[in-house]
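Engineer: Need a 3D model of the following:
(one chain, ligands or ions: 1)
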Amino acid sequence: MWHKIDLKTKHSIMKERILVTGGTGYIGSHTVVELQNAGYDVVIIDNLSNSSADVVDNIEKVSGIRPAFEKLDCLDFEGLDAMFSKYSGIKAIIHFAASKAVGESVQKPLKYYRNNLVSLINLLELMPKHGVEGIVFSSSCTVYGQPDVLPVTESAPIKKAESPYGNTKQINEEIIRDTIASGVPINAILLRYFNPIGAHPSALLGELPNGVPQNLVPYITQTAIGIREKLSVFGDDYNTPDGSCIRDFINVVDLAKAHVVAISRILDRKQKEKVEVFNIGTGRGLSVLELIKAFETSTGVKLNYQIVGRRAGDIEKVWADPSLANNELGWKAETPIEDTLLSAWKWQLKLRERGIQ
Ligand code: UD1
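Structural biologist: Residues are numbered from 1 along each chain as shown. Modelled structure (predicted):
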């Protein structure tokens, strides 16, 4: 269970002000709650292109604190500049705001390059002016492509991106490195997430896909509840024990907590380098078929699925070596997969109750 801390207690120990871009999104909203639980004063900006403003109400229900919220696009340089002035004293940024649909990025590459690259450039340009010390960037294991060695460590080579979306993650990592190498007085932590899944145990926050879900777990829960007729498993002829792809599924609340640790590492000046990279995964690979079994076992719901052909661009297998994050950040994924899948299912049930999906 999550715990509500008395409001007065929380405010009396209020720490630094943190800007969360994309803070009403899936990972962003969970991170805002964990930042608030740790005592940080959070300002959210989001253009609401893939989320809605009532997420702010649910954040408040979970944490007991209403975060400041501005509907703002990170492409709007003047708007960002004014926001930094309005909320003076922002010490660090967690930058989630980005377009993230792999397939769409192939159809609309310029939308992805503009949104994802210019947003970051705007933030980096404004940071020194407003005294912002650091940035945590939302990166992805997609930068490794199909790794030659598993589990994959942070020193594995970056492979040519399979999609414009993946390319924006790689380029953004480089933009941050080059900016800091040029002497701009900021620090950064790049978090490479594996496959975030699940929802907040309160069922007040979770993933709300736009239209037909592209990702596995939202498709599973929508099938289980009857919105979709059947889950298609993309391929059972991969070079893996059961033939389906293998991923490192990481609980979204565990992932959110990694951001809190990264922020305090930056602000407490504990970094060993001005730019640090951490894999954020469990260290355990689970196949698509194993995940389906685990969903059925933990929820007691039978899933209608069929094996179909491979999906273009899918990686065969990838899972993290998270030991750097475990040892350096003192962070570890701890939620059992059954609890995570149950949280995703409860979220789907709650959405039905709310008449949303
Ligand atoms: C994808 C992106 C990754 C991105 C992430 C976030 C690629 C190669 N990777 O991860 O960069 O950060 O989304 O959105 O595109 N699957 C099915 N049936 C489905 C849906 C998925 O079998 O209906 C399978 C996929 O083939 C894959 C696994 O489930 O093997 C996970 O898929 P998904 O949830 O889409 O994540 P990734 O493709 O790993």
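
Engineer: And the residue lying closest to residue 160 once chain neighbours are set aside, how close does it get to residue 154?
Structural biologist: Nearest in space to residue 160, with sequence neighbours left out and distances taken as C-beta to C-beta, 6 or more residues apart in numbering, is residue 145 at 6.9 Å. (Each C-beta comes from the backbone N, C-alpha and C, glycine too.) Distance from residue 145 to residue 154, counting by C-beta to C-beta, to the nearest Å: 15 Å.

Engineer: cool, residue 185 as well?
Structural biologist: As judged by C-beta to C-beta, residue 185 and residue 154 stand 24 Å apart.

Engineer: give me the beta-bridge partners of the spatially closest residue to residue 317 that is not a sequence neighbour?
Structural biologist: Nearest non-adjacent residue to residue 317, counting by C-beta to C-beta, 6+ apart: residue 246, 3.8 Å away. On the basis of DSSP bridges, residue 246 is bridged to residue 287, residue 317.

Engineer: Kindly report the same for residue 279.
Structural biologist: residue 192.

Engineer: Show the residue spans covered by the strands in the stretch 251-357 of the chain.
Structural biologist: Secondary structure of the stretch 251-357 of the chain by DSSP state E, counting those that start in this stretch: the strands cover 275-280, 286-287, 305-308.

Engineer: Now the first one: buried residues?
Structural biologist: Applying a neighbour-count criterion of 16 or more other C-beta atoms under 10 Å, one finds 275-280 buried in strand 275-280.

Engineer: ok, those vs the ligand, which is closest?
Structural biologist: When those are ranked by distance to the ligand (C-beta to the nearest ligand atom), residue 280 comes first, at 11.9 Å.

Engineer: Surely residue 278 is in contact with residue 189?
Structural biologist: Yes - under the criterion of C-beta atoms under 8 Å, residue 278 makes contact with residue 189 at 6.8 Å.

Engineer: what's the overlap in contacts for these two?
Structural biologist: Common contact partners of residue 278 and residue 189 (C-beta atoms under 8 Å, 6 or more residues apart in numbering): residue 262.

Engineer: Would you agree residue 21 is in contact with residue 43?
Structural biologist: No - look at residue 21 against residue 43 with C-beta under 8 Å: they stay out of range, at 9.7 Å.

Engineer: between the two, who's got more neighbours?
Structural biologist: Legend: neighbour count by other C-beta atoms under 10 Å for residue 21 and residue 43, higher for residue 21 (26 against 23).

Engineer: if you skip the residues just before and after it, what's nearest to that one?
Structural biologist: residue 97 (3.8 Å).

Engineer: how about the residues of the protein near the ligand?
Structural biologist: Applying C-beta under 6 Å from any ligand atom, we find that the chain lies next to the ligand at 100, 102, 140, 142, 162, 166, 195, 214-216, 219, 231-234, 245, 247, 288, 311, 313-315.

Engineer: ok, which stretches of the stretch 201-350 of the chain are helices?
Structural biologist: In the stretch 201-350 of the chain, the helices defined using DSSP state H, counting those that start in this stretch lie at 216-224, 252-267, 288-299, 323-324, 337-353.

Engineer: Which other helices and strands does the second one contact?
Structural biologist: So the one you mean is helix 252-267. On a contact count with 3 or more C-beta pairs under 8 Å, 6 or more residues apart in numbering; DSSP states H and E, helix 252-267 meets helix 26-37, strand 90-95, strand 134-140, strand 187-193, strand 195-197, strand 275-280.

Engineer: Next SSE downstream of the first one?
Structural biologist: So the one you mean is helix 26-37. Sequence-wise, the next helix or strand downstream of helix 26-37 (DSSP states H and E) is strand 41-46.

Engineer: burial count for the closest residue to residue 36 other than its chain neighbours?
Structural biologist: Closest residue in space to residue 36, ignoring its immediate chain neighbours: residue 63 at 4.2 Å, by C-beta to C-beta, 6+ apart. Residues near residue 63, counting by other C-beta under 10 Å, number 21.
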